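[1] Below is the sequence, then the predicted model.
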Amino acid sequence: MSRRPNILFVTTDQQRFDCLGIADSMHPVMTPHLDQLACEGIRFTNAYSDCPLCIPSRTSMMTGQAAYHHGVAKNGEFRIPEDSKMTLPGRLSTAGYQTHAAGKMQFIPPRNRNGFERMRLVPEDYVNYLETTEYRGLYRGHGMGGNEVYPVYNSVPIPYSATHWTVNESIDFLRQRDSEMPFFLWTSFEAPHPPYDPPESFVRLYDGVNISSPVAAAWNTSEEVPEWVRTRKKSHKLDVLPPHIVSMARKHYYAQLTHIDYELGRLFGELKSKQLWDNTVVIFTSDHGEMLGDHGLFHKTCFYEPSTKVPFLLKPPKDWQGALTASTVSATPIILADIYPTVLDYAGCLQEDDQKRDGRSLLNLTSLSEERPWIYGYMNDLDGLYMVTNGEWKYLYYVCGGSEQLFDLVQDPEESNDLSQDSNTRSCDMLETLRTLLTTRFPELLANDTVETRMPFHTQPNLTEEQLKVTNPFAWRGPMRYGGQW
């Protein structure tokens, strides 16, 4: 190509891998523009967040490192652990790209640009924008907080919603940018992260559409249920959610995704009207998934497929000469850290030292499975959660209680049948293999009694039923003003 490609990076927050129309799953999501994007590019069906939480995942995107290595393995007041010149936008700025972020970045502190030339942020700038309108004070003015499951309608009309505003800011950048420079635009949506508050008109699109029931598994009701699962269900009141609320929450979740998709139609249309589409790399993904009632769980923070697996679409420039061709589907397991080297590779500034990072360029997809046959996950929650998977088998380990689970994802993609106690030789051999892989990768799990008990390091549960019932860390409510705590 004679010109370096522009790069549009689009992320949603908390979108399941199977919530795309083209995924043809049990979820009846309407996403025509993303489906078309998949037809013009590559759809990866085994894309994983190695630490399915907002800030760790965004840190991986910015640094090309897995959470276990960059050190941000839980949400909190964490800065990007990278010099601003070496973050993804910092590298691109140095290489002559004009860089802009629009939407939810969740940087600490929020105004830290981390290599971006310009940022327009949700909630900070968006909430301050609302303060100049007749809808001031109505950001989440419906009273539902940032992680609550109960459905609600958006408290402002569509033209004033955060989703619409994020696309407006992205389009404004395209209209104001230096046309002689290539651009890197990160359009980052706050939805479909709770609250499930789409505009009512988008909910009405799903009236009469069958809303499937969540996946339920026998292991979830047994005495051997992992302590993390028991704790999450009790403390977040997920064990007492009525079925009709779960169904309505799923419907509102779908409506949020359709709203995003239709707004993306405006953004994609702007690129096409300015003759930029053909020379623009488009990457679409999410920071992590959403359990959406499966196994009695909502939210993320676990390594079951709906939480740790994300949608991932990549559209190359039209005339790009490479191995990645349009309208293809790849089952090669990839991680969010792969975004960093992939974008740099397209921009022509990938360096040899980048091989020291966890991410690998997807332009070299054919060698990726051999170089990285297994994907590992770590999360600093309830003494530690761990994962090993190759997209066909998955092993989970919970330090609290020393629970382990094994799933054959080919035969059991919904993870309904835990094989960790199966006496079948094939299951036993795989359990031993993956347990060894895990303790080799994470040496802190090699306790003194590991060889004798054949179990990695573990701790004992210490919260009673009564203690769990009186807590709910996600019960945040009320309107927020001036871009404060969310």
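    On my side now, so go ahead. On a predicted model such as this, the values are computed, not experimentally measured, just so you know.
[2] pretty sure Ile22 is in a strand, no?
    No. According to DSSP: H, G, I helix; E, B strand; the rest coil, Ile22 belongs to no strand; its state is helix.
[3] Can you tell me how far it is from Asp294?
    21 Å (C-beta to C-beta, to the nearest Å). In this view, the C-beta of every residue, glycine as well, is placed from N, C-alpha and C.
[4] more neighbours, the two?
    Neighbours of Ile22 and Asp294, each counted by other C-beta atoms under 10 Å, are more numerous for Asp294; the result is 23 against 18.
[5] and that one, what is it in contact with?
    Counting by C-beta atoms under 8 Å, 6 or more residues apart in numbering, Asp294 makes contact with 214-215, 304, 306, 414.
[6] Mind doing that once more with 7 Å?
    By C-beta atoms under 7 Å, 6 or more residues apart in numbering, the contact list for Asp294 reads 214-215, 306.
[7] now do Ala67
    By C-beta under 7 Å, 6+ apart, the contact list for Ala67 reads 50-51, 56, 60, 73, 378.
[8] For Pro194, see how far away it is.
    Distance, Ala67 to Pro194, using C-beta to C-beta: 22 Å.
[9] which strand is the longest one in the protein?
    As assigned by DSSP state E, the longest strand anywhere in the chain is strand 183-192.
[10] Partner strands of that one and their direction?
    Its sheet considered, strand 183-192 pairs with strand 6-13 (parallel), strand 98-103 (parallel) by DSSP bridges.
[11] what would those strands look like in CSV with distance to Arg435, mean pLDDT and mean neighbour count?
    Shown next, in CSV, are those (distance: least, C-beta to C-beta, whole Å; pLDDT from 0 to 100; neighbours: other C-beta atoms under 10 Å):
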stretch, distance to Arg435, mean pLDDT, mean neighbour count
strand 6-13, 33, 98, 24
strand 98-103, 40, 98, 25
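[12] how about JSON lines for these, with distance to Asn210 added?
    As requested, the strands paired with strand 183-192 are exported to JSON lines (distance: least, C-beta to C-beta, whole Å):
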{"stretch": "strand 6-13", "distance to Asn210": "24"}
{"stretch": "strand 98-103", "distance to Asn210": "32"}
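[13] and of those, who's closest to Lys274?
    Distance to Lys274, taken as C-beta to C-beta, is lowest for strand 6-13 among these, at 10.2 Å.
[14] Pass me the low-pLDDT residue ranges in the stretch 201-350 of the chain, would you?
    By pLDDT under 70, the low-scoring segments of the stretch 201-350 of the chain are 321-325.
[15] Let me see the contact set for Leu368.
    Leu368 neighbours (C-beta under 7 Å, 6+ apart): 332, 360.
[16] And the pLDDT for it?
    Predicted confidence (pLDDT) for Leu368: 90.
[17] what about burial for the contacts of Ala67, which qualify?
    Buried by 16 or more other C-beta atoms under 10 Å: 50-51, 56, 60, 73, 378, out of those.
[18] Which members of those occur in helices, if any?
    Among the buried ones among the contacts of Ala67, the members falling in helices (DSSP state H) are 56, 60.
[19] filter the contacts of Asp294 to the buried ones?
    For these, a burial check counting by 16+ other C-beta under 10 Å picks out 214-215, 306.
[20] what does stretch 412-430 contact?
    Against stretch 412-430 from outside (C-beta under 7 Å, 6+ apart): 215, 217, 219, 304-305, 393, 404-408, 431.
[21] So which of these sit within helices?
    Among those, DSSP H puts 305, 431 in helices.
[22] need the strands for the stretch 251-400 of the chain, in chain order.
    Using DSSP state E, counting those that start in this stretch, the strands of the stretch 251-400 of the chain run over 280-286, 309-310, 312-315, 328-330, 334-335, 375-379, 385-389, 393-398.
[23] Quick one: the ones you listed as JSON lines, columns for distance to Trp228 too.
    Formatted as JSON lines, the strands of the stretch 251-400 of the chain follow (distance: least, C-beta to C-beta, whole Å):
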{"stretch": "strand 280-286", "distance to Trp228": "22"}
{"stretch": "strand 309-310", "distance to Trp228": "18"}
{"stretch": "strand 312-315", "distance to Trp228": "26"}
{"stretch": "strand 328-330", "distance to Trp228": "31"}
{"stretch": "strand 334-335", "distance to Trp228": "22"}
{"stretch": "strand 375-379", "distance to Trp228": "10"}
{"stretch": "strand 385-389", "distance to Trp228": "6"}
{"stretch": "strand 393-398", "distance to Trp228": "5"}
